[in-house]
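Visitor: Just a sequence and a predicted model for now, questions to come.
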Amino acid sequence: MTSAPEHTLAAPRRLGRDALPHETVALARALIGKTLVHEAPEGRMSVRIVETEAYPVGDAAGHAFIGQTRRNASLFRAFGHAYVYLGYGVSWLLNVSSESHGVGAGVLLRAGEPIEGVDIMMRRRGRGRLAELTSGPGKLCMAMDVDKRLDGADFFDGGPLWLGEAVRPAGDIGVSVRIGITKDAERPLRFYERGNPFVSGPRKLSP
DNA sequence: AGTGCGATTGACT
DNA sequence: GTCAATCGCACTA
């Protein structure tokens, strides 16, 4: 054999806590192209992050804006913890806590490009098109088996949910307003990889 | 104890 | 394109 099996090409190394910027908006941008991995009981799944949204300190649209509560407590944990909550009573949504302990801010992971465990994710999502497997925050969590159990998990403590180096460098990064919010709606805090078919939302917002 | 509301999705016209 | 589903949580009383 002259070439390695495809799955070995896709295995990234774990990123350390200080390999990413702790400031919220910088983190949202830096996460584009990085790998999100979940080593779940049913198998290992990973995606290349292609869309994020920043919810910085003092942002009226952020869940931390009202202060720390039971629901948003994970946003106030140290940099690099998972904040998972149920949106619209229907979908789980995954964030990475940013800044430092006691400061409520985070980055929403909105979409990924499937890399490993595509068969597992397709099964979890039911029959559907590959283009819609992980092209939205709720779809991403459904596919990767992320739910309330992972709320508060540390991305950098060697656990099953972690962030890895980029399998392929990020391309041109677009910026737009965030999707589906009404407060502080005009702020350009959504980041996505231009031209990537797995980015969510209206084409209008992702030229 | 009751009320209102989403950082969404998928089904349907 | 429109719109209902669905429920944990924060808030009011």
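Guide: Good, I have the coordinates. Numbering: from 1, shown residues only, chains lettered A, B, ... in the order given.

Visitor: next structured bit after the longest strand along chain A?
Guide: Using DSSP state E to define each element, chain A has its longest strand at strand A:43-55. For strand A:43-55, the succeeding helix or strand toward the C-terminus, using DSSP states H and E, is strand A:82-87.

Visitor: Residues contacting that next one, please?
Guide: Contacting residues not belonging to strand A:82-87 are listed as A:63, A:71-72, A:74-75, A:92-97, A:106, A:137-138, A:141, A:146-148, A:150-155, A:161 [CB atoms under 8 Å, 6 or more residues apart in numbering]. (Glycine included, C-beta is placed from N, CA and C.)

Visitor: among the residues you listed, which ones are buried?
Guide: Among the contacts of strand A:82-87, those classed as buried by neighbour count (16 or more other CB atoms under 10 Å) are A:63, A:72, A:74-75, A:92-97, A:106, A:137-138, A:141, A:146, A:150-151, A:153-155, A:161.

Visitor: just checking: which of those also lie near DNA strand B?
Guide: A:63, A:75, A:93, A:95, A:106, A:137-138 (CB under 7 Å from any atom of the strand).

Visitor: Which of those residues fall within helices?
Guide: A:137-138 (DSSP state H).

Visitor: Out of the ones next to DNA strand B among the buried ones among the contacts of strand A:82-87, which is nearest to A:P56?
Guide: Lowest distance from A:P56 to these (CB to CB) belongs to A:G106, with 8.9 Å.

Visitor: What sits closest to the closest one if chain neighbours are left out?
Guide: Excluding its sequence neighbours, the residue lying closest to A:G106 (CB to CB, 6 or more residues apart in numbering) is A:N95, at 4.0 Å.

Visitor: how near is that neighbour to A:A82?
Guide: For A:N95, the distance to A:A82 (CB to CB, to the nearest Å) stands at 7 Å.

Visitor: What is the neighbour count of A:R48?
Guide: 25 (other CB atoms under 10 Å).
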